[in-house]
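Novice: from the sequence below, what's the structure:
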Amino acid sequence: MKKLLIALAAVLVTVASYGQGELTFATRITGDVDAPVLLGPSNATGPGPAYSAALYLVTGGNATLIPGAVTTFQAAGTGAKAILDRYVTPLGASVVVPGVTAGSPATLRMVAWQTSSGATYEAAKAAAPLLTAASKDFTVTLGGGLNPPANLNTGLSAAGLQGFNIPGVPEPSTIALGVLGAAALLLRRRK
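Specialist: The predicted structure follows:
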């Protein structure tokens, strides 16, 4: 009898975990997802490994960090791979979205922040808001069970993850022009 109860408990735990929705957290999957994150006013580069990224589950207006869905951006490559710094480092396994069953839709939000500004997105946003950004909310039908994990883009018929921009600190030339403009206004005002 004891063995039967243990076996039944094991089956229930397996079924419970089997039914959770899963997804792949990657912002570039050939032919499916291409959502670059760009840095600064010039949009010339990606944030690179000095920045972190995470996925949040959005329910009822509240956003909750999905456990295990935190990574960094890749380092820039060379040649054709020079743009890699615009994409997150793919996680080694799919991410389980707690509380959402396989085959169900989940509304998600991707966030990015400069890691040295804070250990979490919230801390970095409070310390240096120009070094943080978030995507628009998007809905994905999760995989799991017998289906492969979903990607962050649900196809052409639905709005999946789209790239976004981290404002960043203005370039030194922009700051210099601002200082010169302020000085000119002060001099004009004195005359």
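Novice: where do the helices sit along this protein?
Specialist: In chain order, the chain shows helices spanning 2-18, 121-127, 172-190, with DSSP state H as the criterion.
Novice: around L108, how many other residues sit close by?
Specialist: By other Cβ atoms under 10 Å, the residues close to L108 number 25. Any C-beta I mention is one placed from the backbone N, CA and C, and that applies to glycine too.
Novice: what's around A82, how many residues?
Specialist: Using other Cβ under 10 Å, A82 is surrounded by 12 other residues.
Novice: any buried residues in stretch 105-119, and which?
Specialist: Going by neighbour count (16 or more other Cβ atoms under 10 Å), the buried part of stretch 105-119 is 106, 108-115, 117-118.
Novice: isn't V88 up against T24?
Specialist: No. V88 lies out of contact with T24 (Cβ atoms under 8 Å); the separation is 10.9 Å.
Novice: spatially nearest residue to P36 (excluding sequence neighbours)?
Specialist: The spatial neighbour of P36 that comes closest, neighbours along the chain excluded (Cβ to Cβ, 6 or more residues apart in numbering), is R86 at 3.7 Å.
Novice: can you check V70 too?
Specialist: Nearest in space to V70, with sequence neighbours left out and distances taken as Cβ to Cβ, 6+ apart, is A54 at 4.5 Å.
Novice: hang on, the one you found packs against L65?
Specialist: Yes. Between A54 and L65 there is a contact under Cβ under 8 Å: 6.0 Å.
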